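1. Everything below, folded, please.
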Amino acid sequence: MQLRDAIRVARQWVPFTARTVGYGTISLTLGPLTQDHRASLWAMKRWCKSSARGLHIDVDATGLENVPTDGAYVYASNHQSLLDILVLGAVLPGDFKWAAKRELMNIPFLGWHLKLAGHVPVERGGGPRVAAEVIKRFTEVLKRGKPLLIFPEGTRSEDGVLKDFKMGGFYAAVRAGVPVVPVALEGAGHLMHKGAIDSGDGNMRLVRVRVGKPIHPITTGKESARVVDLRDRTHAAVAELLLGLGGRVAEAPSKGNGSANVASSADS
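-> The predicted structure is shown next:
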């Protein structure tokens, strides 16, 4: 790494770390003292917004009027970058819980906040038993009346093209009887692709977010068929939103993925 690159990395991640420690401390100390951990929610929103600005990310969000004003629902978004959670956390309303990779739970302050605030740890490749347990946790979040944010592609798209959706979050939506809110984001993949050590040269970059109308699960027929139907309709909605933002979409999702395929919200 050249000295210029090292300086750029330090300018981005030293303030980011300081913000994480600061807002994490607020969440950990004041969250348990406030009703429904509202201080933790405030800290999370402020951390996302300030971190996005600090990393020179400008977020343009449209369609927020489509988000339900009460009750539980599932946000289902495409996944382009490690920074997606900052982008969406800065603009999406509601006290939603993230489906976060379990390793994140061990990061000081960030992981401690995730545990305190009730976000859902997810393990990939753990087999059917682990997948079933994650779906159970998703369902419990929704039945408590909290929104859930998933990235149903399961991992970040390396080329920005929308991939097939996995099934876990859709099982939870069907079992809890809640709608799925499709979300598309475009531009984040150019900020920090897989393997990148920072988010670029410091110029302000635009990420656009578009939220679609809620998609309700059908209530008749076998559960597996209802899950596939909800998955496929959501994929089509996210694809349409993404194309409207100038993004790219792969072929239609393959049929019949099992419940062991669980959506994750954060990857390495």
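2. what about residue 100, which SS state?
-> Secondary structure for residue 100, judged by DSSP: H, G, I helix; E, B strand; the rest coil, is strand.
3. isn't it right next to residue 117, touching?
-> No - Residue 100 sits out of contact with residue 117 when judged by Cβ atoms under 8 Å, with a separation of 10.4 Å. Where you see a C-beta, it was placed from the backbone N, CA and C, and this is true even at glycine.
4. Between those two, which has more neighbouring residues?
-> Neighbours per residue (other Cβ atoms under 10 Å) separate residue 100 from residue 117, with residue 100 holding more: 21 against 18.
5. Show me what that one is bridged to.
-> Note on residue 100: beta-bridge partners by DSSP bridges are residue 121.
6. Same question for residue 75.
-> residue 149, residue 181.
7. Report the contact partners of it.
-> 88, 92, 96, 147, 148, 149, 150, 180, 181, 183 (Cβ atoms under 8 Å, 6 or more residues apart in numbering).
8. Quick check on the first one: phi, psi?
-> Reported as degrees, to the nearest 10, the phi and psi values for residue 88 are phi -70, psi -40.
9. ok so, going back, mind picking the two most distant members of the contacts of residue 75?
-> Taking Cβ to Cβ, the two most distant members of the contacts of residue 75 are 88 and 180; they sit 14.9 Å apart.
10. quick revisit: out of the contacts of residue 75, who's nearest residue 242?
-> Comparing the contacts of residue 75 against residue 242 with Cβ to Cβ places residue 183 closest, at 9.6 Å.
11. What is the neighbour count of the nearest residue to the closest one once chain neighbours are set aside?
-> In space, and not counting its chain neighbours, residue 183 is closest to residue 77: 3.8 Å by Cβ to Cβ, 6 or more residues apart in numbering. Residue 77 has 27 neighbours, counted by other Cβ under 10 Å.
12. how close does residue 77 get to residue 221?
-> 27 Å (Cβ to Cβ, to the nearest Å).
13. residue ranges for the helices of this protein, please.
-> Using DSSP state H, the helices of the chain run over 3-30, 38-54, 84-91, 110-117, 127-143, 168-176, 223-244.
14. May I see those arranged in CSV, with mean pLDDT and distance to residue 64 as well?
-> Formatted as CSV, the helices of the chain follow (pLDDT from 0 to 100; distance: least, Cβ to Cβ, whole Å):
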stretch, mean pLDDT, distance to residue 64
helix 3-30, 86, 23
helix 38-54, 94, 14
helix 84-91, 94, 7
helix 110-117, 88, 22
helix 127-143, 91, 20
helix 168-176, 97, 20
helix 223-244, 98, 13
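15. Rebuild these as JSON lines, extending it with distance to residue 161.
-> Formatted as JSON lines, the helices of the chain follow (distance: least, Cβ to Cβ, whole Å):
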{"stretch": "helix 3-30", "distance to residue 161": "27"}
{"stretch": "helix 38-54", "distance to residue 161": "24"}
{"stretch": "helix 84-91", "distance to residue 161": "15"}
{"stretch": "helix 110-117", "distance to residue 161": "29"}
{"stretch": "helix 127-143", "distance to residue 161": "25"}
{"stretch": "helix 168-176", "distance to residue 161": "20"}
{"stretch": "helix 223-244", "distance to residue 161": "9"}
